[in-house]
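1. Sequence and predicted structure are below.
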Amino acid sequence: MRLTRRYRFSASHRLNTPALSLEENRRLYGKCNNPYGHGHDYVLDVTVEGPLDASGQVIDREALDALVRERVLRRLDHKNLNADVPELAAGVPTTENLAAVIRGTLAEGWPLAGRLKGVRISETDRNIFELEA
Amino acid sequence: MLLTRKAEFSASHVCANPSLSADENRAIYGANANPNGHGHNYVLEVTVEGEPDPVTGMVFDLRELKEILHQEVVEPMDHRFLNREVTPFDHVVPTTENLAVEIWRRLEPRIRESKVRLRNVRLYETRDLYVDYGGGQ
């Protein structure tokens, strides 16, 4: 059985790599390269897989909410991903890289029932990224 | 090929195990343990797997699938209090997980009759919480 819970956070970012020239960055990332950055209302789906426990649940929802709040939302919501998130500061805060950071943060010593199955992040309704754990 | 059909029903439930105290139930199920119950607009997505029929070009007759969902799930569960009116929830806690298992149990034999295979039951309790059940554990 898999259970998926949805969370939301809003953050800003700018896509730019020092490995490329100003012009190349602009060509590659388009509007996402705007020097002042821009933001999104991200939607994060966290999926947990496991057998049902004696209470008839895969996982305690409140425990999952608390973990995601503590490890992810507190660090990302209303933040600038380039400036405020050390794991992203060295690279480019694409949603691909963001998904990997979130998965890594959640998976580390997974303290809850079941196992983390994967994360899915929508940057907008049209761009969705999935990563299996 | 996979084919998914959606159905909706609204029902109330209480998530509490009668062998536990009120405090224990509240610790496990939170607000879902409120003894007087509360409701959800459940959204069900049923996925079947099969090959398109060479004559009709269809995996499964959608009208038939709609009818099965109606008979097995919507009709018995829509606008009901699950704990009182729908078996086995007089003695099984109607968590979203257990409800998905029960829906699978009701649908699987009906769908198997039609030479397609039930692949997945996805049940949304709210738009921010759903479970997927594919049979077995």
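-> Done, it's in.

2. Can you name the residues in contact with stretch B:57-67?
-> B:1, B:3, B:5, B:7, B:46, B:48-53, B:111, B:114, B:116 (Cβ atoms under 8 Å, 6 or more residues apart in numbering or on different chains). Yep, even glycine has a C-beta here, placed from its N, CA and C like the rest.

3. do stretch B:95-109 and chain A meet?
-> Yes. Counting by Cβ under 8 Å from any Cβ of the partner chain, chain A has neighbours in stretch B:95-109: B:T95, B:T96, B:E97, B:N98, B:A100, B:V101.

4. Quick check: strands, which of those are part of them?
-> Using DSSP state E, no member of these sits in strands.

5. how about the residues you listed in CSV, adding pLDDT?
-> Below are the residues of stretch B:95-109 next to chain A laid out as CSV (pLDDT from 0 to 100):
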residue, pLDDT
B:T95, 97
B:T96, 97
B:E97, 98
B:N98, 98
B:A100, 98
B:V101, 98
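
6. ok, which stretches of chain A are strands?
-> A:2-13, A:38-49, A:79-80, A:115-124, A:127-132.

7. which one of the residues of stretch B:95-109 next to chain A sits closest to A:P111?
-> Using Cβ to Cβ, the shortest approach to A:P111 within these belongs to B:E97, at 20.4 Å.

8. Helix, strand, or coil at B:F60?
-> coil (DSSP: H, G, I helix; E, B strand; the rest coil).

9. what's the closest non-adjacent residue to it?
-> B:V116 (5.0 Å; Cβ to Cβ, 6 or more residues apart in numbering or on different chains).

10. Could you tell me the phi and psi values at the one you found?
-> For B:V116, the backbone dihedrals (degrees, to the nearest 10) come out as phi -120, psi 170.

11. Close to chain A: what parts of chain B are there?
-> So far as Cβ under 8 Å from any Cβ goes, chain B lies against chain A at B:15, B:17, B:28-30, B:92-93, B:95-98, B:100-101, B:127-133, B:137.

12. can you tell me which of the residues you listed are in strands?
-> B:L129, B:Y130, B:V131, B:D132, B:Y133.

13. Give me the buried subset of the contacts of stretch B:57-67.
-> B:L3, B:A7, B:V46, B:V48, B:G50, B:I111, B:V116 (16 or more other Cβ atoms under 10 Å in any protein chain shown).

14. before we move on, which element is the third one in?
-> Pointing back at B:V46 there. Here B:V46 sits within strand B:38-49, counting by DSSP states H and E.

15. Quick check: mean pLDDT of the very next helix or strand once past that strand?
-> Heading C-terminal from strand B:38-49, the first helix or strand you meet, by DSSP H and E, is helix B:62-69. Mean per-residue pLDDT for helix B:62-69: 95.

16. Give me the number of neighbouring residues for the residue nearest to B:P76 when sequence neighbours are not counted.
-> Once flanking residues are discounted, B:P76 sits nearest to B:V86: 6.0 Å by Cβ to Cβ, 6+ apart. For B:V86, the count of nearby residues is 18 (other Cβ atoms under 10 Å in any protein chain shown).

17. B:V86 reaches B:M77, doesn't it?
-> Yes. With contacts counted by Cβ atoms under 8 Å, B:V86 reaches B:M77, the gap being 5.6 Å.

18. can you list residues touching both of the two?
-> By Cβ under 8 Å, 6+ apart, the residues touching both B:V86 and B:M77 are B:A11.

19. contacting residues for the residue nearest to B:F60?
-> B:L3, B:V48, B:E49, B:G50, B:V59, B:F60.

20. With A:A133 instead?
-> A:A133 makes contacts with A:R103, A:L106, A:A107, A:R115, A:L116, A:K117, A:G118, A:V119, as judged by Cβ under 8 Å, 6+ apart.

21. circling back: okay, among the contacts of B:V116, which ones form the most distant pair?
-> Longest span within the contacts of B:V116, Cβ to Cβ: B:E49 and B:F60, 9.4 Å.
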